[in-house]
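1. Could you look at this predicted model? Sequence included:
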Amino acid sequence: MKQVLFGLIVFLLVGLALAQSPGEKQPSVIMAPVGNVQLRAGGSLNLDLDFRIGPDFHINSSKPRADYLIPTVLKLSSPEPVAVADVKYPAGEDMSFAFSPNEKLSVYSGDFSITTVLKAPANAAAGSYPVKGELRFQACDRSACYPPRSIPVQFQVTVVKK
Amino acid sequence: MLKRNAFVFVMLVLVIMAMLAAGKYLDRTRKHGPIKLVGDVHNVPAPDFELPTLDGRKVKLSDFRGQAVLLNFWATWCPPCKIEMPWFVDMQKQYGKDGLVVLGVAMDDTESAKIAEFAHEMGVNYLVLLGTDQVSDDYGDVRSLPTTFYIDRNGTIVAKAVGLLGRQEIEDDVKKALSAAYKPAAQLKRAEAKVKSAWAKEATQ
């Protein structure tokens, strides 16, 4: 029975994969789960947020080379007393693609990390605080581009006393 | 355990049957004059639309019946779309006299002035229309850009291209769209199919 079930599942997955026409698969960007973030009151912390772009896709870096391109932007908001003091983006990789061999684009592909600098004042009350926001990006593959999208970004920061 | 496996097996069979039934239904809808494009769009009537131009006029696809239409979905943020634009400019120049109309449907979520500026910089000599989610949906949920439909003089889709193709492939599809003779009778048939489809829809409601 198990073999039959496995066969059926494989059949369904293959069917779904074949149903998707080439050039019409959708890009994905996912964020790795963030572990326990501890921030000392009066201190600051660099927190790397790790993202993974689906195979065959790339997204514009935070500083694309042309005005008409949509940059990758991380927007975060935090409740007091936690403050997002800075967001540091990695440098993009200069790549040229078959659709534009003479033009270099600044992109991210595969895995990349954005560093956020978190701060809490010395008088911050101890506790757990949610930091929420979104990563906005616009993806392309080797022959087509896809509308800009946003994915939610969320993690918990625990403020501890000195 | 055996009972649970049997239940899962039956559920899977039911899911497959439901998927097959849905596919058959969608296929039947396509054959009877669809309102929205689904699956293979070759030889299917192009859904009509009315969209604003950059200068605020309204244009319908059916305004161009009797002419071949290259309907290109694009956006300013799409580098492959930018590559094609000079080719479309050339096609409009070269084949305009034979009855080709290039329509660029901008899928940007930005003000029309920016799109107009971009089109001007690119030397666009064809009509640029401001796309909507509705028209994207009607054309099969256009998400990958560029996506181009080649529509013959009778309003039938003869080719669809997703992503950037070579210039020669584009020109071949343009020629294919231009090659069909205009048959006003086909228009009547299509109108008839549309009415029948609307009746069928009404009857099921």
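-> Perfect, I can see it now. Predicted model, so just to flag it, every value in this text is computed and none were measured.
2. Report the buried residues of stretch A:140-156.
-> Within stretch A:140-156, the residues scored as buried using 16 or more other Cβ atoms under 10 Å in any protein chain shown are A:140-141, A:143-149, A:153, A:155. Heads up, the C-betas are built off the backbone N, CA and C, glycines and all.
3. near chain B, from the residues you listed?
-> Within the set of the buried residues of stretch A:140-156, contact with chain B (Cβ under 8 Å from any Cβ of the partner chain) is found for A:140-141, A:143-148.
4. A:L74: which of these is nearest?
-> Nearest to A:L74, judged by Cβ to Cβ, of these is A:P148 at 13.8 Å.
5. The closest one and B:W77 touch, don't they?
-> Yes. A:P148 is in contact with B:W77 according to Cβ atoms under 8 Å; the separation is 7.2 Å.
6. Which neighbours do these two have in common?
-> Common contact partners of A:P148 and B:W77 (Cβ atoms under 8 Å, 6 or more residues apart in numbering or on different chains): A:70, A:138.
7. With only the CA atoms kept, save the strand or helix carrying B:I157 in CSV.
-> Assigned by DSSP states H and E, B:I157 belongs to strand B:156-162. Below are the C-alpha coordinates for strand B:156-162, written out as CSV (Å, rounded to 0.1, in the frame of the first residue of the first chain):
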residue,chain,number,x,y,z
THR,B,156,-7.3,35.1,-33.4
ILE,B,157,-4.1,34.5,-31.4
VAL,B,158,-1.6,32.7,-33.7
ALA,B,159,1.4,32.7,-31.3
LYS,B,160,2.4,33.5,-27.8
ALA,B,161,5.9,34.2,-26.5
VAL,B,162,6.8,34.3,-22.8
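8. Helix or strand next in line after it, which one?
-> That would be, after strand B:156-162 and using DSSP H and E, helix B:167-179.
9. mind listing what's buried in that next one?
-> B:170, B:173-174, B:177-178.
10. Kindly report the residues of chain B close to chain A.
-> B:2, B:5-6, B:8-9, B:12-13, B:15-16, B:19, B:75-83, B:107, B:109, B:118, B:143-147, B:162-165.
11. While we're on residue 77, how confident is the model there?
-> Because you didn't say which chain, this covers chain A. pLDDT, A:S77: 96.
12. oops, chain B please
-> B:W77 carries a pLDDT value of 96.
13. can you pull the contacts of it?
-> Here B:W77 is in contact with A:68-70, A:138, A:145, A:148, B:108 (Cβ under 8 Å, 6+ apart).
14. Not counting residues beside it along the chain, what's closest to residue 152?
-> Chain wasn't specified; assuming chain A. If the residues on either side of it in the chain are set aside, A:P152 comes closest to A:E134, at 5.7 Å by Cβ to Cβ, 6 or more residues apart in numbering or on different chains.
15. think we crossed wires, I meant chain B
-> Take B:D152 and drop its neighbours on the chain: the residue closest to it by Cβ to Cβ, 6+ apart is B:A180, 4.0 Å away.
16. Same check on B:L51?
-> B:L129 (4.1 Å).
17. where's the residue lying closest to B:P47 once chain neighbours are set aside relative to B:F149, distance?
-> When the adjacent residues along the chain are set aside, B:P47 lies closest to B:D138, with 4.2 Å between them (Cβ to Cβ, 6+ apart). In this view, B:D138 and B:F149 are 11 Å apart by Cβ to Cβ, to the nearest Å.
18. out of these two, which sits in the busier spot?
-> B:F149 (27 against 18; other Cβ atoms under 10 Å in any protein chain shown).
19. For that one, name its beta-bridge partners.
-> B:L71, B:K160 (DSSP bridges).
20. give me every residue that touches it.
-> So B:F149 contacts B:41, B:46, B:69-71, B:139, B:157, B:159-160 (Cβ under 8 Å, 6+ apart).
21. same thing with B:V89?
-> B:122-126.
22. if we go to 10 Å?
-> Contact analysis of B:V89 by Cβ atoms under 10 Å, 6 or more residues apart in numbering or on different chains lists B:102, B:122-126.
23. What subset of these is buried?
-> For the contacts of B:V89, a neighbour count by 16+ other Cβ under 10 Å gives the buried set as B:102, B:122, B:124, B:126.
24. just curious, which of the contacts of B:V89 is nearest to chain A?
-> Nearest to chain A among the contacts of B:V89, counting by Cβ to the nearest Cβ, is B:M122 at 10.2 Å.
25. Leaving out the residues flanking it, which one is nearest to the closest one?
-> Nearest to B:M122 is B:M85, by Cβ to Cβ, 6+ apart, at 4.7 Å.
26. Against B:D108, how distant is that neighbour?
-> Counting by Cβ to Cβ - B:M85 and B:D108 are separated by 14 Å.
27. Now for those two: what residues contact both?
-> B:74, B:118.
28. Pick out the residue closest to the middle of chain B.
-> By Cα atoms, centre = their mean, chain B has its centre lying nearest to B:Y139, at 4.2 Å.
29. so what's it scoring on pLDDT?
-> B:Y139 is given a pLDDT of 95.
30. All set, thanks.
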